[in-house]
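Novice: quick one, what's the 3D model for this:
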Amino acid sequence: MIDPTIKQTVEANIKLTDLSGNSAMKTIETINDTTLPENFGLGKNLDAITEASLAQDTIIITSSLATREASFGYKIILRGDICTVKYFSLADENIFKINETDKPSHLISMTCQISKLTLSHNPQFKTGELIEGVVELTTNDFWSTIDGQNNKVKVRLTGYFKTKLSKDRPNEQSVFRQIQ
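Specialist: Sure thing, here's the model as predicted:
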């Protein structure tokens, strides 16, 4: 969806973070059917790191947030009129599983069945272009294993981003490269 007025929403939500960088997130986690307070109860939006790259005819926007236990975020893949939104979480230890019976992994990445993306304009797919918008997603249930106990997790996340499109550097080492 294209909505030029989304710029004001992006700016307002980025200002509600501690650092007022180029991105912000709101997140609500449900663990074992208990919904936790928004943004871990901090009362403000969370600062996120966002980068956007152009690889031929594809824009990839990746935004993440680091917490004590794990990093998490979203990846948006735009190719023509096709948009895919993925949620990811990355930890130092193998704690994540898509299904309860899976072997734990340090990384989980899943396409979100419930998602909405609103951009301020139709991207022109040009290096240096400002890409800004809001993404809303809800994950399917997944599992986090802590001290041998499986916890069912669902995440609702809203991301507010404003970033310039850079040329893809496929050989660059980055945590974002791990997210498929």
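Novice: mind listing what the longest strand anywhere in the chain pairs with, with the direction of each?
Specialist: In the chain, with assignment by DSSP state E, the single longest strand is strand 149-167. Strand pairing for strand 149-167, using DSSP bridges, gives strand 23-31 (antiparallel), strand 49-55 (parallel), strand 130-138 (antiparallel), strand 142-146 (antiparallel).
Novice: off-centre distance for it?
Specialist: 2 Å (C-alpha atoms, centre = their mean, to the nearest Å).
Novice: what residues of it count as buried?
Specialist: Val153, Val155, Arg156, Leu157, Thr158, Gly159, Tyr160, Phe161, Lys162, Thr163, Leu165 (16 or more other C-beta atoms under 10 Å). In this view, the C-beta of every residue, glycine as well, is placed from N, C-alpha and C.
Novice: beta-bridge partners for the last one, please?
Specialist: The partner list for Leu165 in beta bridges (DSSP bridges) reads Ala52.
Novice: I figured it hits Ala55, correct?
Specialist: No - look at Leu165 against Ala55 with C-beta atoms under 8 Å: they stay out of range, at 10.6 Å.
Novice: need phi/psi at the spatially most central residue of the chain.
Specialist: Centroid-nearest residue in the chain: Tyr74, 1.9 Å away (criterion: C-alpha atoms, centre = their mean). Main-chain torsions, Tyr74, degrees, to the nearest 10: phi -140, psi 160.
Novice: quick check: bridge partners of it?
Specialist: The partner residues for Tyr74, given DSSP bridges, come to Ser63, Tyr87.
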